[in-house]
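No sequence on hand, only this structure:
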């Protein structure tokens, strides 16, 4: 068997990883079990908090991330997807050490923006304070011609960060309304689309009525799943 | 770190495995990532069809299942859950070779029946033709005092088996109505509860209106998730 096996470095959070596996499956063209993509999910919720580490307020997750990559390589995985945006702050050292490709979630989001026809102009970005502060998206997307706007600091504190924490604590439904408010406010400021640059956010967004949102969204769980399918099954079927 | 890591031998089908990871997460008492249970999911949809093998019509999945167990042990897993009922036809050789406990899905279902107060009497059983034919549930549950009734052969051919195949092909919604018809027919024949003894069936049952069902169900994905949480976190919190 020479088929490609996808490694998924997850647990950050575990609900986002499970959702990634679900969407990887549902987005794959398949008519029976054997048509689906072999994958190993390393779901390690013990990985120290990425946001706290970036702020210098917690232990370094890098050794834990490296251990996951070693485990996935030992299992025979030929590429790795990390369904956690903030963990991409350690992308460079991980990619250097991995020896197999790590599919970058921002590249996946850019491909998804193009897929829905938003090829340039102003877009909104939502994510953890750490992801926004490290300019993960801003640098990579601005180089491709998009102009990025972000929630106001008060919206981050009052609406976005508490909603992300609620999803990590399994309180999904209550996170919808505050996130929708922020998304619609980005739309009012001229965003042609909003990138959900934190894998907890799409989980909450799915829990509410779709017609409450006045702007198209790029779900980075789905975007990374599409990039993974494209890696495993290159060609028009992806 | 001495925390227990759960191994999940999945891909049979991949949607059921992803749903298992989702339910494992949602059923765990947690207020942040680090409270969740570390787990490795080995999702190998290439594992040959279990039903066909039991009927002597396809290759033996045992070497593939053994390879998954070896991979999960190498990743440090201390127990294994298999969110596929039919794969439990190979439980004995796997348990013998594994060297770590494999949580039996029928024991998990029995615990769930007791949890909802159905401690004896007549219950309905749905599953693949192979699972029913190998008496996986009947032998184990009859020994504990339940009387098992099954769908009629014509219902299996016309309603149950096509619905399971539809879920494996990602056509979830269309599987609800035929399965609900069979569940309600088991209720009419006196079943106090229906055990969904195939991990594809609960996925379809969730896709329809809950009030269409006239009988309580035991979802074997949830039951196995509860057994897994109980293994990782023994005590009243499970």
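Great, that's in hand. This structure is a prediction, so every number in the text was calculated from the model and none was measured.

C-alpha from now on. contacts and neighbour counts both.
Fine.

How about the residues of chain A by chain B?
A:11-15, A:18-19, A:21-22, A:25-26, A:30-48, A:71, A:75, A:165, A:168-170 (Cα under 8 Å from any Cα of the partner chain).

For PyMOL, what selects the buried ones among those residues?
Here the buried members of these are turned into a PyMOL selection, burial being counted by 16 or more other Cα atoms under 10 Å in any protein chain shown:
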select buried, chain A and resi 11+12+13+14+15+18+19+21+22+25+26+32+33+34+36+37+38+39+40+41+42+43+44+45+46+47+48+71+75+165+168+169+170
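
quick one: low-confidence parts of chain A?
Residue ranges of chain A with pLDDT under 70: A:1-2, A:236-238.

Where do the strands of it begin and end?
Across chain A, reading from the start of the chain, the strands by DSSP state E fall at A:6-10, A:39-43, A:79-81, A:102-103, A:121-126, A:146-149, A:194-196, A:217-219.

how about a markdown table for the ones you listed, with distance to residue A:61 added?
As requested, the strands of chain A are exported to a markdown table (distance: least, Cα to Cα, whole Å):
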| stretch | distance to residue A:61 |
| --- | --- |
| strand A:6-10 | 13 |
| strand A:39-43 | 14 |
| strand A:79-81 | 17 |
| strand A:102-103 | 17 |
| strand A:121-126 | 22 |
| strand A:146-149 | 28 |
| strand A:194-196 | 23 |
| strand A:217-219 | 25 |
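
Of all the ones you listed, which one is nearest residue B:232?
Ranking the strands of chain A by proximity to residue B:232 (Cα to Cα) places strand A:39-43 first, at 14.3 Å.

What is the closest one packed up against?
In terms of contact count using 3 or more Cα pairs under 8 Å, 6 or more residues apart in numbering or on different chains; DSSP states H and E, strand A:39-43 is assigned the packing partners strand A:6-10, helix A:14-26, helix A:62-74, strand B:39-43.

From the contact counts, what lies against the second one?
Helices and strands touching helix A:14-26, as assessed by 3+ Cα pairs under 8 Å, 6+ apart, comprise strand A:6-10, strand A:39-43, helix A:220-232, helix B:14-26.

May I see those organised as TSV, with distance to residue B:186 added?
Supplementary listing: these in TSV, determined by distance: least, Cα to Cα, whole Å:
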stretch	distance to residue B:186
strand A:6-10	41
strand A:39-43	37
helix A:220-232	39
helix B:14-26	24
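
wait, which of these is closest to residue B:102?
Distances from residue B:102 to each of these were compared using Cα to Cα; the minimum, 15.5 Å, belongs to helix B:14-26.

returning to that earlier point: quick one: which of the helices and strands packed on strand A:39-43 is nearest residue A:80?
Between residue A:80 and the helices and strands packed on strand A:39-43, the tightest spacing by Cα to Cα is seen for strand A:6-10, at 4.5 Å.

who touches the closest one?
Applying Cα atoms under 8 Å, 6 or more residues apart in numbering or on different chains, the external contacts of strand A:6-10 come out as A:16-17, A:37-45, A:65, A:68-69, A:72-73, A:77-84, A:228, A:232.

and it with strand B:39-43, angle?
Computed with axes from the mean of the first three to the mean of the last three Cα atoms, to 10 degrees, the direction of strand A:6-10 lies at 160 degrees from that of strand B:39-43.

between strand A:6-10 and helix A:62-74, how many degrees?
Compare the direction of strand A:6-10 with that of helix A:62-74 by the same axes, to 10 degrees and you get 160 degrees.

Of all the helices and strands packed on helix A:14-26, which one is nearest residue A:124?
Across those (criterion: Cα to Cα), the nearest stretch is helix A:220-232, sitting at 13.3 Å.

what comes into contact with that closest one?
For helix A:220-232, the surrounding residues in contact (Cα under 8 Å, 6+ apart) are A:4-6, A:16, A:19-20, A:23-24, A:27-28, A:37, A:81, A:83, A:103-105, A:108-109, A:111-112, A:195-199, A:202, A:238.

swap in stretch A:115-132?
Counting contacts by Cα under 8 Å, 6+ apart, the residues outside stretch A:115-132 that touch it are A:50-51, A:54-55, A:85-86, A:89, A:113, A:137-138, A:144-151, A:156, A:160-161, A:164, A:183, A:186-187, A:190-198, A:201.

Can I get the buried part of these as one ChimeraX selection?
Paste this into ChimeraX to select the buried members of the contacts of stretch A:115-132, with burial taken from 16+ other Cα under 10 Å:
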select /A:50,51,54,85,86,89,113,137,138,146,147,148,149,150,151,156,160,161,164,183,186,187,191,192,193,194,195,196,197,198,201
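
was I right about residue A:137 contacting residue A:106?
Yes: using Cα atoms under 8 Å, residue A:137 and residue A:106 qualify as a contacting pair, with a distance of 6.2 Å.

Number of residues surrounding residue A:212?
Neighbour count of residue A:212, defined by other Cα atoms under 10 Å in any protein chain shown: 14.

just to revisit the earlier point, show me which of the contacts of helix A:220-232 are buried.
A:4-6, A:16, A:19-20, A:23-24, A:28, A:37, A:81, A:83, A:103-105, A:108-109, A:111-112, A:195-199, A:202.

Ok, which of the helices and strands packed on strand A:39-43 comes nearest residue A:211?
With Cα to Cα as the criterion, residue A:211 lies closest to helix A:14-26 of those, at 21.5 Å.

Does residue A:173 touch residue A:203 like I think?
No: in this structure, residue A:173 is not within contact of residue A:203 by Cα under 8 Å, at 9.1 Å.

what about those two, which has more around it?
More crowded of residue A:173 and residue A:203, by other Cα under 10 Å: residue A:203, with 21 against 16.

The helices and strands packed on helix A:14-26: which one's closest to residue B:97?
Proximity of the helices and strands packed on helix A:14-26 to residue B:97 was assessed by Cα to Cα; the nearest stretch is strand A:39-43, lying at 21.4 Å.

What pairs with that closest one, parallel or antiparallel?
Strand pairing for strand A:39-43, determined by DSSP bridges: strand A:6-10 (parallel), strand B:39-43 (antiparallel).

could you check the angle helix A:14-26 makes with the last one?
Same thing as strand B:39-43. Counting by the same axes, to 10 degrees, strand B:39-43 lies at 0 degrees to helix A:14-26.
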